[in-house]
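**Q** show me the folded form of this:
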Amino acid sequence: MLGTPGQAPALLMVFGADATVAVLAWLLPWQRWRPELPLVLCVPALAVMSYSTWLFGGFATGTGPFYVLLYAWVGLSFAGWAIAALAVPAMVSYTVPLVLTHQPPQVVTSVLVLVPVAGGIAVVINRYVRGLREARDRIAQAEKWRANLMVTLAHDVRSPLTSVVFALEMLDEEPSLPADRRQAMINTALRQVARIRRLASGLLDVERIDQEGSLKLDLQRVPLRAAADEAAEYVNSPDVVVQIDEGLAVTADPHRLEQILVNLTTNALRHGKPPVVISAAQAGTGVRVEVRDHGDGATQHQQDRLFERFSSSDSSPQSVGLGLWIVAELARAHGGSIHYEPADPGARFVVTLP
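**A** Predicted coordinates:
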């Protein structure tokens, strides 16, 4: 106003239009509507900028920075498609008042510099903000996983420790226990200690994969029937059925193979319905190992994330989304693979090994 005293009324009109749009933007309940709906504010914003350029006789230098500011807001707040969608309305808003005020071609065509530069700034902002949001989501997911992991550790360690303490107390208090009863108590304690060791081994696997990118294996010829029987004995459930021929064998690390089978069987018991069937058959140059339950199966959304590190097919505090990820890493370390297949009814996890 100080620089152009004669234009004070026009500037007040521009200010009034801007203030009206600002008040509406502040008061409207955007949270009730679709997240991209605030983009409609670009329409009055472009209209005000176009009117301002026309009002000042085609002087675009004063409104150019506001186009950049508008693009920066779009890049900060919306997806990349919104930046591209703004291009044509912005070019029209910028050029129409220049044409109406009979500006020379070099002024009109400056839009070919302004809009791409403003769009480029918006893209840079958009990518940076998207990276920050993804990092924030990963941190939140990791924190949730760590919290759930603490609950899982407390649950999974306390139960076998209770059994071990009970067995030791019985052996201490009853020195005259029959030999078979004493051996049964010792076997129970050893089985529970092995359970704790498996849990610790799984956590160490996560650390090794993070730091080294792979796992070291002690490869041997392993009879599959024996490995599956040991896994079924470990989960200690009458709902597990093993259907594997005695002569079938794979080249694998026996401890890692057992870990694969235990994790898949535990997952099937937790999320599916009995019976859980462990089977295997020759498949070309490899062996196809299947663990199937008879539950409801996985939804498409769950299937897309089954083998991700922090995913979980339910919201149980004892499910931290680690078991299937470890199975996938172990299968890959063996030169094999794992995938999900829907069964009728139920779910089928298929591991292919050499």
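
**Q** check the offset of the one helix or strand in the chain whose mean pLDDT sits lowest from the chain's centre.
**A** When the helices and strands of the chain are compared on mean pLDDT, DSSP states H and E, helix 179-212 comes out lowest with a mean of 75. On the basis of CA atoms, centre = their mean, to the nearest Å, helix 179-212 sits 30 Å off its chain's mean C-alpha point.

**Q** pretty sure residue 67 sits against residue 114.
**A** Yes. In this structure, residue 67 is within contact of residue 114 by CB atoms under 8 Å, at 6.0 Å. Heads up, the C-betas are built off the backbone N, CA and C, glycines and all.

**Q** now the helices for the protein?
**A** According to DSSP state H, the chain carries its helices in the segments 8-27, 42-55, 64-77, 80-85, 87-100, 105-108, 111-173, 179-212, 224-235, 254-271, 300-305, 323-333.

**Q** may I see the buried residues of the fourth one?
**A** By that I understand helix 80-85. 82-83, 85 (16 or more other CB atoms under 10 Å).

**Q** same check on the last one?
**A** Using 16+ other CB under 10 Å as the burial criterion, the residues of helix 323-333 that qualify are 323-331, 333.

**Q** over to stretch 18-29?
**A** For stretch 18-29, by 16+ other CB under 10 Å, it's 18, 21.

**Q** now do that stretch: everything it contacts.
**A** Here stretch 18-29 makes contact (CB atoms under 8 Å, 6 or more residues apart in numbering) with 38, 41, 44-45, 48.

**Q** low-confidence ranges, the chain, go.
**A** 145, 148-149, 151-156, 159, 202-203, 205-215, 309-322 (pLDDT under 70).

**Q** what about the closest residue in space to residue 248 that isn't next to it in sequence, how many neighbours?
**A** Spatial nearest neighbour of residue 248, chain neighbours left out: residue 224 (4.8 Å); criterion: CB to CB, 6 or more residues apart in numbering. Using other CB atoms under 10 Å, residue 224 has 25 neighbouring residues.

**Q** same question, residue 228
**A** Other residues near residue 228 number 25, with proximity taken as other CB under 10 Å.

**Q** how near is it to residue 103?
**A** For residue 228, the distance to residue 103 (CB to CB, to the nearest Å) stands at 81 Å.

**Q** likewise for residue 131?
**A** Residue 131 is 40 Å from residue 103, by CB to CB.

**Q** kindly report the same for residue 165.
**A** From residue 165 to residue 103 the distance is 88 Å (CB to CB).

**Q** residue 198 against residue 256, yeah?
**A** No. Judged on CB under 8 Å, residue 198 makes no contact with residue 256 at a distance of 11.2 Å.
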